[in-house]
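A.B. asks: show me how the following folds:
(chains A and B)
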Amino acid sequence: MNKILSGKNIVKTYGIGREASNALNGVNIEILAGEFVAVMGPSGCGKSTLLFALSGTDTINSGSIQFGGKELTRLNENALADIRRTKMGFVFQQPAMLKNLNILDNIILSSVQENRKNTAGIIRKAKTLIEKTGITGLEERDITEVSGGQLQRACICRALMNEPEILFADEPTGALNSKSSEEIMDLFSDISKNGMAVFLVTHDAKVASRADRVLFMNDGAVRSELFLKKFNERDMENRVNQVILRMRDYEI
Amino acid sequence: MYRKIIINDVKKSKLITITITAFILLAAMLTSLAAILSVNLFSAINNMMLRAETPHFMQMHSGDIDMERLSAFADTENNVEDFQVLPFLNIEGAEIVIGENSLAGSVQDNGLSVQSRRFDFLLGLNGNIIYPAKGEIYVPIYYMKQGLAGIGDTITIHGGSFTVAGFLRDSQMNASMVSSKRFLINESDFEKVKKFGKLEYLIEFRLRDSSAVSAFESGYIAAGLPTNGPPAITHSLFKLVNALDDGMMIAMLILISVLVIVINFLCIRFTLLAKVEEDYREIGVLKAIGLQVGSIKKLYLAKYGAIAGTACIAGFILSLFAKEPLMENIRLYMGESGSSGLGTVFGMIGAGIIFLVVVLYVNGVLCRFKKVSAAEAIRFGASQSGAKLAKSFRLSCSGGLPPNIFLGIQDVLARKKLYSTMLLVLVISSFLMIVPQNTYNTISQRNFMTYMGIGECDMRIDIQQTEDIARKTAEIAAAMARDTDIKKYTVLTSYMFDMKMEDSTTEKLKVELGDQSAFPIEYSAGRAPQRESEIAISSLVAGDLEKGLNDIIVLNIDGQEKRLTISGIYSDITNGGKTAKAVFKTSKDSILWSIIPVKLQADAATDQKITGYKEQFSYAKVSDIDEYIGQTFGGITDAVKKASYAAIAAAAILTVLVTLLFMKMLVTKDRYPIAVLKSLGFKNEDICRQYMVRSAIVLAAGVLIGTALANTLGELVGVSLISSFGASTFRFDINPLFAYLFSPVLMAVCVYLAARFGISEISGLKISEYRKE
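C.D. replies: Prediction:
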């Protein structure tokens, strides 16, 4: 399989002078097309920083990030925005939606921005995705009128609208109960099976166990990798145990 | 802890803190200045009037004086403390030559006077009573201010020459508004020039109880004492007239200060609302853990208290420096006030009031804290109210509207309350730009004089203050009848008639007789008199008599009482504004003055005609009507012109400043949705466009409403402004180029630039920093 995203020697420093600290300490990473990668690690280990660096939403101090044959660190703001709109999808811990718009408008917003001549087609596509994510009937609701889990599904819907090559998810289940969490993770599994890469940051071993590969980070570096593909997909308990074992090794 | 929080907060929002501080400082300074100047002005006027012993009642009279009757009256009236009759030798302007310039063009009635022996003294610039030596003359301060005379200059009056020994303060006639001016000379010189001018008398009384002056006035008139001149003037009117010029300045200061405070309130409102929104979650959390609203408010109050306190103290100190140049005029006209200490105390009180007002306002705005729901704040991090307003306007049904424009419109619809503040400022700005400009445009039109009691003509000849007015007028009229360059002229003659009041007392009324249709003026009500039984009166007379259209006025014409119906009411700024116009005939021979308005043929050279008539009839005042208008209300036109430019500048600055602050605040408030949009792949320029759309919508609405209001409601404001100097009704003459093109374009440019600058922060916002808000 082709790699779609790779980072070499990524260094990200916060603060300046004596107070400077490295959030990313020379990280190397490759993500293949359609691969589901989860990143785990203690708070402040640099997981989210890595996600923002790889997606080009934050600058880095040195290193290189290649996405779809382009060096992200050399692109200007506009080119990065174009890539975000057409090739990347984002899901955050807090459902990031505009409160002035209803659920449907939030979902179709960036697609309409991309191609406003075809609003009808976009709405049709959104309805299909809404059905798939199980939030049918909520289209006209305000974002304050639905539950956290439903809102997160809507965010996933929105992220999928432009058929991105990779979906970045920063603790997408962090604010959800275990049932909603499960349902959201089912969605992610489906997405990755359909050929979209997923880069997911999480604290939860159960969530991470859904991935093809889990990266364990500490102090701004990737300490270990766990390939879960070799384990039976149905045997969730085993997969979770594998993750937990590895977490102990690295005192996560 | 307060100190730390305040300092941190100030550091975080420097621009806004500086602006608010500057506004409070300005308001405190202006208020303090107004207070200091008011105290000084009124005590300076009191001082001057005390020293000069200004009369409590003064009646001008031209004609013979029966001293015995006056003394008898003064003896019988208990209230009279003292009385005197001062001569005032009215000299034609053309006969007073200062250096090489004559006062021929002066609109003032200039006259010579001697120093009084008992009261109503003319004072020197050091406040002392002055006694000119032979050959010396003291000149009214009005001419010093105009730069017409300097010490040592020679003044020639009817061939006799005088040396300017100094300038005088005249507690009665100091102000430029008062149309008479007294020059002071030695008594022996006065005897010599007496034969050249027209002698008038100032009949003056000092009263024991000055509050009973109106009773005294009626007594005076009832006694049938001399009243052939303008209506009597009382002590309080002298005081008012003296206060008028500088009082206007003080009123302006107060007005500006009020405006600054209003803008300041808007800024504070913006800042606080944005801050409350920013800290919504924190406030909710504080509430949730049981803190009282009062203690949260204290944090913010402490900050604004510190800012307002610093600014007010600085403003007060600055006002102490700024007062000096503004006091110069007061010192020049009125002399030292002697209460600078009291003024300073009042200044301090003024600045203190500003401090209180600001703190109270902040306290009021902070009441919003009460509305913060702890649950909502913690769950959503922002207030959810207002989000439902724009539900019917959806992207999915917007028919292919570009999302940037859609989001711009949507936001304005969803947060109407927020945008209404900016809208209000833009409406005020448009109004502020257009109304003074319209006012100026209206009064600078030539036909405006018809609103002011002057018919529209090219040239105007005044025959007054001379012997045998009737013969001279006839002489000029005869010459005009032969002049082929003259298209039209008419003779208007003014007489003083006795008017019988309802309570059978008698008052005087100046009536201008002649053909009132030849050079028509605008009537605010009714029309010009056409029959002998009709009369038109000026609005001031109408006000005094409390009479309206079709009411009856009884005049004593040639010994017979005649009832005249009021056919029209007009505004007048000439001759004190208390006049009447009629077409009846009289055989009366004591003419006050005659006027001959003239319309020249289209091809006639006005300048040459005027020069020609001036040479031919040296006793008459021949003036180019433009010059006449310039002299009569050129000062006002100039002032309004300057004010209108100042208003445009102020409106532009206001627009730029408020838009800038507003947009900055908006971006701060919207950091989270901006981050969301960026993560969705919206470019910086897309997001900027959304904000420009928002400001364009508010701008369009603001300019539209502002322009509409300016051209409707503004007319009322303009009318009240103009009516303050005489004209009661007129229509606004809107300058369409300015009102509908220049002003909106200027506003648009201001808003565009300010908004562009205000949202420049957008490109610096990082998605990663706001992902968890």
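
A.B. asks: need phi/psi at B:V598.
C.D. replies: Here is the backbone geometry of B:V598 (degrees, to the nearest 10): phi -130, psi 140.

A.B. asks: nope, B:V85 is what I was after
C.D. replies: Torsion angles, degrees, to the nearest 10, at B:V85: phi -120, psi 120.

A.B. asks: quick one, what contacts residue 115?
C.D. replies: Here I'm looking at chain A. Counting by Cβ atoms under 8 Å, 6 or more residues apart in numbering or on different chains, A:N115 touches A:I122. For the C-beta atoms, the positions are set from N, CA and C on the backbone; glycine is no exception.

A.B. asks: wait, chain B was what I had in mind.
C.D. replies: With contact set as Cβ under 8 Å, 6+ apart, B:Q115 has these partners: B:121-122, B:129-132, B:184.

A.B. asks: counting neighbours, what do you get for residue 75?
C.D. replies: Went with chain A since none was named. A:L75 has 16 neighbouring residues, counting by other Cβ atoms under 10 Å in any protein chain shown.

A.B. asks: switch to chain B, that's the one I care about
C.D. replies: Other residues near B:D75 number 10, with proximity taken as other Cβ under 10 Å.

A.B. asks: which helix or which strand is home to it?
C.D. replies: Using DSSP states H and E, B:D75 maps to helix B:67-76.

A.B. asks: likewise for B:T659?
C.D. replies: Using DSSP H and E, B:T659 sits within helix B:625-669.

A.B. asks: ok, then the element right after that helix?
C.D. replies: helix B:671-679.

A.B. asks: chain center to that next one: distance?
C.D. replies: Its chain's C-alpha centre and that of helix B:671-679 lie 51 Å apart, by Cα atoms, centre = their mean, to the nearest Å.

A.B. asks: same check on stretch A:67-77?
C.D. replies: The answer for stretch A:67-77 is 19 Å, by Cα atoms, centre = their mean.

A.B. asks: for that stretch, measure first residue to last.
C.D. replies: 15 Å (Cα to Cα, to the nearest Å).

A.B. asks: tell me which residue is most central in chain B.
C.D. replies: Central residue of chain B (Cα atoms, centre = their mean): B:M248, 6.1 Å from the mean position.

A.B. asks: measure it to B:A34 for me?
C.D. replies: 12 Å (Cβ to Cβ, to the nearest Å).

A.B. asks: next one: B:G284
C.D. replies: Taken as Cβ to Cβ, the span from B:G284 to B:A34 is 44 Å.

A.B. asks: any idea which helix or strand comes after whichever strand or helix holds the residue nearest to the centre of chain B?
C.D. replies: Element membership of B:M248, judged by DSSP H and E, is helix B:235-278. Toward the C-terminus, helix B:235-278 is succeeded by helix B:280-288 as the next helix or strand (DSSP H and E).

A.B. asks: grab the nearest non-local neighbour of B:G127.
C.D. replies: In this structure, B:G127 finds its nearest non-sequential neighbour in B:G335, 4.9 Å apart by Cβ to Cβ, 6 or more residues apart in numbering or on different chains.

A.B. asks: which outside residues touch the helix holding B:D75?
C.D. replies: Residues outside helix B:67-76 that contact it (Cβ under 8 Å, 6+ apart): B:80, B:83, B:85, B:203, B:205, B:219-220, B:223, B:225-226.

A.B. asks: how far off centre is that helix?
C.D. replies: Its chain's C-alpha centre and that of helix B:67-76 lie 43 Å apart, by Cα atoms, centre = their mean.

A.B. asks: and for stretch B:476-488?
C.D. replies: 41 Å.

A.B. asks: could I get the CA-only coordinates of that stretch as PDB?
C.D. replies: Taking Å, rounded to 0.1, in the frame of the first residue of the first chain, the C-alpha atoms of stretch B:476-488 are listed here in PDB:
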ATOM      1  CA  ILE B 476     -32.900 108.500  -4.200                       C
ATOM      2  CA  ALA B 477     -36.100 107.000  -5.400                       C
ATOM      3  CA  ALA B 478     -36.400 109.700  -8.100                       C
ATOM      4  CA  ALA B 479     -32.900 108.800  -9.300                       C
ATOM      5  CA  MET B 480     -33.700 105.200  -9.400                       C
ATOM      6  CA  ALA B 481     -36.800 105.800 -11.500                       C
ATOM      7  CA  ARG B 482     -34.600 107.300 -14.100                       C
ATOM      8  CA  ASP B 483     -31.900 104.600 -14.000                       C
ATOM      9  CA  THR B 484     -32.400 102.100 -16.800                       C
ATOM     10  CA  ASP B 485     -30.100  99.500 -15.200                       C
ATOM     11  CA  ILE B 486     -32.600  99.100 -12.400                       C
ATOM     12  CA  LYS B 487     -35.200  96.500 -13.000                       C
ATOM     13  CA  LYS B 488     -37.200  97.000  -9.900                       C
END
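
A.B. asks: what's the local residue count around the residue of chain A found nearest chain B?
C.D. replies: For chain A and chain B, the shortest gap (Cβ to the nearest Cβ) falls at A:R85, measuring 2.3 Å. A count of nearby residues for A:R85, using other Cβ under 10 Å, gives 21.

A.B. asks: same check on the one 5 residues further on?
C.D. replies: For A:F90, the number of neighbouring residues by other Cβ under 10 Å comes to 27.

A.B. asks: what sits against whichever residue of chain B sits closest to chain A?
C.D. replies: Nearest to chain A in chain B, going by Cβ to the nearest Cβ, is B:G681, at a distance of 2.3 Å. Contacts of B:G681 were listed using Cβ under 8 Å, 6+ apart, and they are A:81-86, A:88, A:110, A:113-114, A:162.

A.B. asks: which ones among those residues map onto helices?
C.D. replies: Among the contacts of B:G681, the members falling in helices (DSSP state H) are A:81-86, A:110, A:113-114.

A.B. asks: now, of these, which are buried?
C.D. replies: A:81, A:83-85, A:110, A:113-114 (16 or more other Cβ atoms under 10 Å in any protein chain shown).

A.B. asks: which of those sit farthest apart?
C.D. replies: Across these, the longest distance by Cβ to Cβ is 14.0 Å; it joins A:I83 and A:Q113.

A.B. asks: now the helices for the stretch 151-252 of chain A?
C.D. replies: A:178-193, A:205-208, A:236-249 (DSSP state H, counting those that start in this stretch).

A.B. asks: just name the most buried of the ones you listed.
C.D. replies: Using mean count of other Cβ atoms under 10 Å in any protein chain shown, the stretch among the helices of the stretch 151-252 of chain A with the greatest mean number of neighbours is helix A:205-208 (a mean of 23).

A.B. asks: what's it in contact with?
C.D. replies: With contact meaning Cβ under 8 Å, 6+ apart, helix A:205-208 is reached by A:38, A:40, A:173, A:181, A:185, A:200, A:202, A:214, A:236, A:240, A:243-244, A:247.

A.B. asks: what's the closest of those residues to B:G718?
C.D. replies: A:T173 (66.8 Å).

A.B. asks: how many residues are close by that closest one?
C.D. replies: So A:T173, with other Cβ under 10 Å, has 26 neighbours.

A.B. asks: contacts only, for the closest residue to it other than its chain neighbours.
C.D. replies: Leaving out its chain neighbours, the residue that sits closest to A:T173 by Cβ to Cβ, 6+ apart is A:S181, at 4.0 Å. Residues near A:S181 by Cβ under 8 Å, 6+ apart: A:173, A:204, A:206-207.

A.B. asks: do the same with B:T17
C.D. replies: Taking Cβ under 8 Å, 6+ apart, we find B:T17 in contact with B:9-10, B:307.

A.B. asks: show me which of those neighbour chain A.
C.D. replies: Filtering those for proximity to chain A by Cβ under 8 Å from any Cβ of the partner chain leaves nothing.

A.B. asks: who wins on neighbours among the residues you listed?
C.D. replies: That'd be B:I307 among the contacts of B:T17, by other Cβ under 10 Å, with 22 neighbours.

A.B. asks: where does that residue fall, secondary structure wise?
C.D. replies: Here B:I307 is assigned to helix B:293-334, by DSSP H and E.
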